[in-house]
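Undergrad: The following comprises the amino acid sequence and a computationally predicted model.
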2 protein chains.
Amino acid sequence: MSTRSRSARRAVGITEVARHAGVSPGTVSNVLNRPERVAEATRLRVEAAIAELDYVRNSSGSSLRSGRSESVGLLVLDVTNPFFTEVARGVEDEAAASGLAVVLLNSAEARQRQRRNVRLLAEQRAAGAVVMPVDDDLSDLLWLSRQGTSWVALDRGDVAEDVGCSVSVDNHEGGRAAGRHLIGLGHERVTFLTGPFAIEQVRRRHEGLRAAFEEAGLDPEGAVRVVEQPLLNPEQGERAVDAVLAGGPRQRPQAVFCANDQLALGLMKGLGQRGLRVPEDVSVVGYDNLDFADLVHPGLTTVAQPKYELGREAMRLLDSELNDPQHVHERVLFTPELVVRGSTAVYRA
Amino acid sequence: MSTRSRSARRAVGITEVARHAGVSPGTVSNVLNRPERVAEATRLRVEAAIAELDYVRNSSGSSLRSGRSESVGLLVLDVTNPFFTEVARGVEDEAAASGLAVVLLNSAEARQRQRRNVRLLAEQRAAGAVVMPVDDDLSDLLWLSRQGTSWVALDRGDVAEDVGCSVSVDNHEGGRAAGRHLIGLGHERVTFLTGPFAIEQVRRRHEGLRAAFEEAGLDPEGAVRVVEQPLLNPEQGERAVDAVLAGGPRQRPQAVFCANDQLALGLMKGLGQRGLRVPEDVSVVGYDNLDFADLVHPGLTTVAQPKYELGREAMRLLDSELNDPQHVHERVLFTPELVVRGSTAVYRA
DNA sequence: CACTCGGATTGAAACGTGTCAATGACTGGC
DNA sequence: GCCAGTCATTGACACGTTTCAATCCGAGTG
């Protein structure tokens, strides 16, 4: 408790601790990393010295020497999106259990930024990464593998098993479930409101929707119309309302299946402004089951994804890849679940 | 393009690049860090070698040597909360402009986890940090200062200027604005629905609300009732509806001011289930202006905070603290703004 | 008592980078 | 043609840690 408070910032290292405890630096390192190899008495002495000097380990030094750091990266498409943040929670909880630190990096949906973040991970010699790729181009990830950093792809089912692990949710099945629900309610003219088809996930949801119609003996060509917007946010949903309603009351869809909840919520707002009631005039189905889907009125019928579990499983796979010498790449596929609320109802002409 | 693809992972360092370019390691380091000091011709030669060998810098080495890393930490209370993620975007954009990497760490509202994250930053010798403290106890931050890592506190206006910078939004003013709005609409009996009063921010919003009543010549003691819930999430808002309505129609509040939007949205759902209409039967005001405030029906009147700007300013301050030798701690205070939507209306008995 | 064996501890050698004083090369002025 | 002066480059060292072969000690065995 000396008073040399602010100036003369010291650099207590492992060596100073060693001197203070009357022991060699190697022993201090052992206390830190393999306590079982050091005798009880000396261990206590070293620990006392650590506490007294307020030593904090310098991770630069250790990861320089060992060639690997203790942290894993989580590359997320958009920190602002509730879907991703829920996944992040899962990853974090599981990582904490394995004693790994998570650094969360935001790609902001931009290829260039993803590349920068991947590079950052390589520079930090990160132990591994959980990644949601911005697009179909996996070259960044392959490069990362070559640098010796392993990864797990999230929500990207088409990653071949010989390049890496992946965990995702069956988008085809999700679209199909939504379709069956609507068909069961008697809807035979539905619009798929979506973001860019360049996104694999929405493409597959669309296919699933069409499959449901085929299975019901209906022609998807006539039954399913598509409205494509440039982004998957609420504003675009609101803006799409004219396109959705185009063609007048006769052509108007009986139901709208939206590629995510944000579009759906925007659309519902837009419909309300046009004086159309949900579900009386048109049914709406979303995708993701965000917290807010339950807060609007009427509650949004939507396809729920196990977001938190998705994150946990990804981290679990990464952990196995890091520690299990006979790990083989795996492809985990979750099944989504339809949550029925008030925004869908039986069709009445 | 040899075929020795996967095995024999190399360790191309600065020295190998140097050898390949026929220069000394020092020169390569200069090319990387102070390109202006090296002649054009050699610079090109070195850059070619870097590209050819696919060299990626090892940040462990560099921060070990320089004693400081190139990344700043962002300690957030809850990655899941839209308010914080918007702030995160601001911090990230500004940091990117300064060439700093942001590592996002989640405290999950838990003291213990905040402490672990602060320690992690110290171990990584982070250049600095932007922190939203979990509670009034700033000892973790003071410890971080002593370790030589500087920080900016976010949304915590009571940080003395001699310990560090802070940027926050005037919560008193926000509460006051909400109060004045409600009073102007004729409401004289309002309930403040809130989370724990241990949280400074909600305490100050409450004070602001009361101040508005006093300024209008009304006695806050009689006019403002408080319902306190353990958490600030939608579920708690929904659950609070009974407490809010307690006392029967005569005692029932004419308006409810909620400490954040999530509570407000939950409350609105609960009110709807009880058959009460917003705003006809009761007006509701939120706080934060989340994206979803505009998507519910009726739209939620709320107090908007400049979330993104908050993040940017915090990072800007941190940058100044890191680079400006004559930096002095600063306290920046933003003013919130009331956004009026459909959830509030003139009181009619 | 000599010898072995096992566990605890040591000491020195890396890991890849930044820094800085010293060296080298080259230019222009006299 | 020499010197001063500038600019580019070099080489060696230090940062804090981990690792590993070598050493030390003490107990158990023959």
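TA: Cool, the structure landed. Every value quoted in this text rests on a predicted model; they were computed, and no experiment measured them.
Undergrad: Chain neighbours aside, what residue packs nearest to A:Asp54?
TA: Excluding its sequence neighbours, the residue lying closest to A:Asp54 (CB to CB, 6 or more residues apart in numbering or on different chains) is A:Val12, at 7.1 Å. The way it works is simple: take the backbone N, C-alpha and C, and place the C-beta from them, glycine included.
Undergrad: in terms of contact, does the one you found touch A:Glu52 like I think?
TA: No - applying CB atoms under 8 Å, one finds A:Val12 not in contact with A:Glu52, separated by 10.0 Å.
Undergrad: So for the two, which residue has more residues nearby?
TA: A:Val12 (16 against 12; other CB atoms under 10 Å in any protein chain shown).
Undergrad: so which strand or helix has the more buried one?
TA: For A:Val12, there is no enclosing helix or strand under DSSP states H and E.
Undergrad: any idea how far the residue nearest to A:Asp54 lies from chain B?
TA: According to CB to the nearest CB, to the nearest Å, A:Val12 stands 10 Å off from chain B.
Undergrad: wait, what's in contact with A:Arg57?
TA: A:14, A:32, B:123 (CB atoms under 8 Å, 6 or more residues apart in numbering or on different chains).
Undergrad: so what's the last one up against?
TA: Spelled out, that is B:Glu123. A:56-59.
Undergrad: for the second one, same thing?
TA: Applying CB under 8 Å, 6+ apart, one finds that A:Leu32 lies in contact with A:14, A:57.
Undergrad: quick one on the thing from earlier: in helices, which of the contacts of A:Arg57 fall?
TA: A:14, A:32, B:123 (DSSP state H).
Undergrad: of all the residues you listed, which comes closest to DNA strand C?
TA: Nearest to DNA strand C among the ones in helices among the contacts of A:Arg57 is A:Ile14, at 9.6 Å by CB to the nearest atom of the strand.
Undergrad: Centre of the chain to the helix or strand bottoming out on mean pLDDT in chain A, how far?
TA: When the helices and strands of chain A are scored by mean pLDDT, DSSP states H and E, helix A:248-251 comes last with a mean of 78. On the basis of CA atoms, centre = their mean, to the nearest Å, helix A:248-251 sits 39 Å off its chain's mean C-alpha point.
Undergrad: same question, stretch A:39-50
TA: That offset, for stretch A:39-50, works out to 43 Å (CA atoms, centre = their mean).
Undergrad: Can you name the next helix or strand after the least confident helix or strand of chain A?
TA: Assigned by DSSP H and E, the successor of helix A:248-251 is strand A:255-258.
Undergrad: That following strand - contacts with which helices or strands?
TA: Secondary-structure packing of strand A:255-258 (3 or more CB pairs under 8 Å, 6 or more residues apart in numbering or on different chains; DSSP states H and E): helix A:171-184, strand A:190-194, helix A:261-273, strand A:283-288.
Undergrad: give me that answer again for 10 Å
TA: In this structure, strand A:255-258 makes packing contacts with helix A:171-184, strand A:190-194, helix A:200-215, strand A:224-228, helix A:241-245, helix A:261-273, strand A:283-288, strand A:301-304, judged by 3 or more CB pairs under 10 Å, 6 or more residues apart in numbering or on different chains; DSSP states H and E.
Undergrad: quick check: angle from the third one to strand A:190-194?
TA: Read that as helix A:200-215. On the basis of axes from the mean of the first three to the mean of the last three CA atoms, to 10 degrees, helix A:200-215 is oriented at 170 degrees to strand A:190-194.
Undergrad: could the contacts of B:Glu123 go into a markdown table alongside pLDDT?
TA: Shown next, in a markdown table, are these (pLDDT from 0 to 100):
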| residue | pLDDT |
| --- | --- |
| A:Val56 | 96 |
| A:Arg57 | 96 |
| A:Asn58 | 97 |
| A:Ser59 | 96 |
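Undergrad: Which one of those is nearest to DNA strand C?
TA: A:Asn58 (11.3 Å).
Undergrad: from the ones in helices among the contacts of A:Arg57, which is closest to DNA strand D?
TA: A:Ile14 (3.0 Å).
Undergrad: For the stretch 101-250 of chain A, list the residues in contact with chain B, please.
TA: By CB under 10 Å from any CB of the partner chain, the residues of the stretch 101-250 of chain A that approach chain B are A:101-106, A:108, A:113, A:116-117, A:119-125, A:143, A:145-148, A:233-235, A:237-238.
Undergrad: Can you say which of those residues are buried?
TA: Among these, those classed as buried by 16 or more other CB atoms under 10 Å in any protein chain shown are A:101-106, A:108, A:113, A:117, A:119-125, A:143, A:147, A:233-235, A:237-238.
Undergrad: Among the residues you listed, which lie within strands?
TA: Judged by DSSP state E, the subset of these located in strands is A:101-106.
Undergrad: Now the two most distant members of the residues you listed.
TA: A:Ala101 and A:Asn106 (17.1 Å; CB to CB).
Undergrad: tell me the contacts of the residue in the stretch 201-349 of chain A that DNA strand C sits nearest to?
TA: Nearest to DNA strand C, among the residues of the stretch 201-349 of chain A, is A:Leu322, at 19.7 Å (CB to the nearest atom of the strand). Contact analysis of A:Leu322 by CB atoms under 10 Å, 6 or more residues apart in numbering or on different chains lists A:68, A:72, A:98, A:100, A:127-128, A:150.
Undergrad: Secondary structure, neighbour count and distance to A:Glu161 added to the residues you listed, as JSON lines?
TA: Listed next are these as JSON lines, based on DSSP: H, G, I helix; E, B strand; the rest coil; neighbours: other CB atoms under 10 Å in any protein chain shown; distance: CB to CB, whole Å:
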{"residue": "A:Arg68", "secondary structure": "coil", "neighbour count": "17", "distance to A:Glu161": "25"}
{"residue": "A:Val72", "secondary structure": "strand", "neighbour count": "26", "distance to A:Glu161": "21"}
{"residue": "A:Ser98", "secondary structure": "coil", "neighbour count": "14", "distance to A:Glu161": "23"}
{"residue": "A:Leu100", "secondary structure": "coil", "neighbour count": "21", "distance to A:Glu161": "24"}
{"residue": "A:Ala127", "secondary structure": "coil", "neighbour count": "23", "distance to A:Glu161": "22"}
{"residue": "A:Gly128", "secondary structure": "strand", "neighbour count": "23", "distance to A:Glu161": "17"}
{"residue": "A:Ser150", "secondary structure": "strand", "neighbour count": "21", "distance to A:Glu161": "14"}
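Undergrad: No more questions from me, cheers.
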